[in-house]
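Asker: 3D, please:
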Amino acid sequence: MSEAPLRILQILRAPVGGLFRHVNDLTRELAARGHQIGIVADSLVKDGLTEERLNGLKPFATLGIHSLPMPRTIGPGDLTAPFAIRGIADKLDIDVLHGHGAKGGLNARWARIGARKRVALYTPHGGVLNYKVGSPVGLMFRLFEKGIVDFTDGFIFESRFAQQAFFRMIAEPTQPTPVIYNGLKPDEFEPITPGPDAKDFVFIGEFRAVKGIPQLFDALVDVRAPDGRPATLVMAGDGPLMDDAKAQIARLGLSERVTLLGAKPARPTLALGRCAVVPSLAESLPYVILEAASAARPVIATNVGGISEIFGPTAASLLPADDVPALRQALQGYMNDPAAADAEMRIRLTHVRDHFSVQLMTDQIEALYRQVLRTRRG
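Answerer: Coordinates of the predicted model:
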């Protein structure tokens, strides 16, 4: 006899980045399996894109989309949100509270206190680990995190890197702490073939210091094809360092070689370059590498965060972060021998296909929901 469907609240602050991508994919897959899902998100973030993203989940969130004040750092909403979520959960007879990110995780677990038949799980997505060690806000959130470990029925980490960082900075809980990788949908494994006008390299990401963009420009300057043609780069993204990036492009004489597109979806952009470049100084488990790898595109990346877990058997090719000569050598290596990069890509594609599917991700999360519910309910 099959088990009864679950009633689940997915709790997050803002529907942005990889966190929302994960919640979106998980919600759709759980709903397809017959579970009933509700979404709780921050009402303080009000813009057209946020509304569009949440509205896109309405057909799958049969328990509704609920908006509550959840300030990014500290505010009055921190005192009211847990009680409001507790009320929503009581009214909807929720089985599972699943908090995502620092604020989603705090609220889910505070709302679980005192509920005998309900469980709370937490996926940090970086969460409190993203705050600088020693900063007042980071210290405060880590203290909060340590204080509510015992109110958490299970932790889900998107990488071994994130899991070990949590153990080191917060605690090593006695509750279940599995690593469950983010997943890709079947259609994302359809290969992408760049057109004849594609640039040599493609970068997709925010224009922030942590993304290693200045290092990428410095490395690109002297990279050339075997016939002497200067290497080219197309970039999709936006952010606070866009003006700095434009100034560096002009200063280095790269204006004819670097194309800036602004913010664009990842998959169509991957068709505009032959090799993806992710020169980050810090990461967790970046979707852009998963998307490039699953689309059968070569990737040059740094060895930060959980990237080595995506690269799997090809991790030896990862570069040290903030190392312009190493990055230049890797870019030149691709220009000299793209066939070798394609061969490595095939090995990586098999690894990603085996370990990073939406179906596998949801199988494991669904099983964990039921495991902790059995433990909680005796």
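Asker: hey, let's count contacts and neighbours off CA atoms from now on
Answerer: Noted.
Asker: export the helix or strand harbouring residue 375 as CSV, just CAs?
Answerer: Assigned by DSSP states H and E, residue 375 belongs to helix 358-377. C-alpha atoms of helix 358-377 as CSV (Å, rounded to 0.1, in the frame of the first residue of the first chain):
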residue,chain,number,x,y,z
VAL,A,358,15.6,16.4,-10.2
GLN,A,359,14.2,12.9,-9.9
LEU,A,360,17.0,11.7,-7.7
MET,A,361,17.0,14.9,-5.6
THR,A,362,13.3,14.6,-5.0
ASP,A,363,13.5,10.9,-4.2
GLN,A,364,16.0,11.6,-1.5
ILE,A,365,14.2,14.6,0.0
GLU,A,366,10.9,12.9,0.0
ALA,A,367,12.4,9.9,1.8
LEU,A,368,13.9,12.2,4.4
TYR,A,369,10.6,13.9,5.0
ARG,A,370,9.0,10.5,5.7
GLN,A,371,12.0,9.3,7.8
VAL,A,372,11.9,12.3,10.2
LEU,A,373,8.1,12.2,10.4
ARG,A,374,8.3,8.5,11.5
THR,A,375,10.9,9.5,14.1
ARG,A,376,8.8,12.5,15.4
ARG,A,377,5.5,10.6,15.5
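Asker: Give me the buried stretch members for that helix, please.
Answerer: By neighbour count, with 16 or more other CA atoms under 10 Å as the criterion, the buried positions of helix 358-377 are 358-362, 364-366, 368-370, 372-373.
Asker: Can you give me the buried ones in the helix or strand of the chain with the lowest mean pLDDT?
Answerer: Within the chain, no helix or strand scores below helix 136-147, which has a mean of 78 by mean pLDDT, DSSP states H and E. For helix 136-147, the neighbour count (16+ other CA under 10 Å) marks 138, 141, 142, 145 as buried.
Asker: mind showing which ranges of the stretch 51-200 of the chain have poor pLDDT?
Answerer: The model of the stretch 51-200 of the chain has pLDDT under 70 over residues 127-134, 137.
Asker: Could you pull out the strands in it for me?
Answerer: Using DSSP state E, counting those that start in this stretch, the strands found in the stretch 51-200 of the chain span residues 65-68, 96-100, 119-123, 154-155, 199-204.
Asker: Can you lay out those strands as CSV showing distance to residue 171?
Answerer: Output for these, formatted as CSV (distance: least, CA to CA, whole Å):
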stretch, distance to residue 171
strand 65-68, 29
strand 96-100, 18
strand 119-123, 14
strand 154-155, 12
strand 199-204, 34
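Asker: still on that earlier bit, any chance of TSV for the buried residues of helix 358-377, columns distance to residue 156 and pLDDT?
Answerer: Below are these laid out as TSV (distance: CA to CA, whole Å; pLDDT from 0 to 100):
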residue	distance to residue 156	pLDDT
358	15	97
359	16	97
360	14	97
361	11	98
362	12	98
364	10	98
365	8	98
366	12	98
368	9	98
369	11	98
370	14	98
372	12	97
373	15	97
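Asker: want to throw the residues you listed into a markdown table with distance to residue 112?
Answerer: Formatted as a markdown table, the buried residues of helix 358-377 follow (distance: CA to CA, whole Å):
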| residue | distance to residue 112 |
| --- | --- |
| 358 | 27 |
| 359 | 28 |
| 360 | 27 |
| 361 | 24 |
| 362 | 22 |
| 364 | 22 |
| 365 | 19 |
| 366 | 19 |
| 368 | 17 |
| 369 | 14 |
| 370 | 16 |
| 372 | 13 |
| 373 | 13 |
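Asker: Taking those, tell me the two that lie furthest apart.
Answerer: Using CA to CA, the two most remote members of those are 358 and 373, lying 22.4 Å apart.
Asker: is it true that residue 315 touches residue 308?
Answerer: Yes: taking contacts as CA atoms under 8 Å, residue 315 lies within contact range of residue 308: 5.2 Å.
Asker: who's more crowded, these two?
Answerer: residue 308 (21 against 16; other CA atoms under 10 Å).
Asker: Assumed the more buried one was part of a strand.
Answerer: No: looking at residue 308 with DSSP: H, G, I helix; E, B strand; the rest coil, it is helix, so not inside a strand.
Asker: I'd guess residue 26 is in a helix, am I close?
Answerer: Yes: Residue 26 forms part of a helix when assessed by three-state DSSP.
Asker: what's the burial count for it?
Answerer: 22.
Asker: same deal with the one 5 residues further on?
Answerer: Residue 31 is surrounded by 18 other residues when neighbours are defined as other CA under 10 Å.
Asker: Likewise for the one 3 residues further on?
Answerer: Summarising burial for residue 34: neighbours were counted as other CA under 10 Å, giving 12.
Asker: how would you label the nearest residue to it once chain neighbours are set aside: helix, strand or coil?
Answerer: Nearest non-adjacent residue to residue 34, counting by CA to CA, 6 or more residues apart in numbering: residue 5, 6.0 Å away. For residue 5, the secondary structure call by three-state DSSP comes out as coil.
Asker: quick one: contacts for residue 5?
Answerer: 34, 35, 36 (CA atoms under 8 Å, 6 or more residues apart in numbering).
Asker: So what does the last one have for phi and psi?
Answerer: The one in question is residue 36. phi -100, psi 130 (degrees, to the nearest 10).
Asker: Could you tell me how many residues sit around residue 50?
Answerer: Residue 50, neighbours per other CA under 10 Å, totals 17.
Asker: list the buried ones in stretch 143-162?
Answerer: In stretch 143-162, counting by 16+ other CA under 10 Å, buried: 145, 149, 151-162.
Asker: neighbouring contacts of it?
Answerer: 106, 109-110, 112-113, 119-126, 128, 163, 170-171, 173, 175-182, 284-285, 305-306, 309, 368, 372, 376.
Asker: let's see 6 Å
Answerer: 109, 119-123, 163, 170, 175-181, 305-306 (CA atoms under 6 Å, 6 or more residues apart in numbering).
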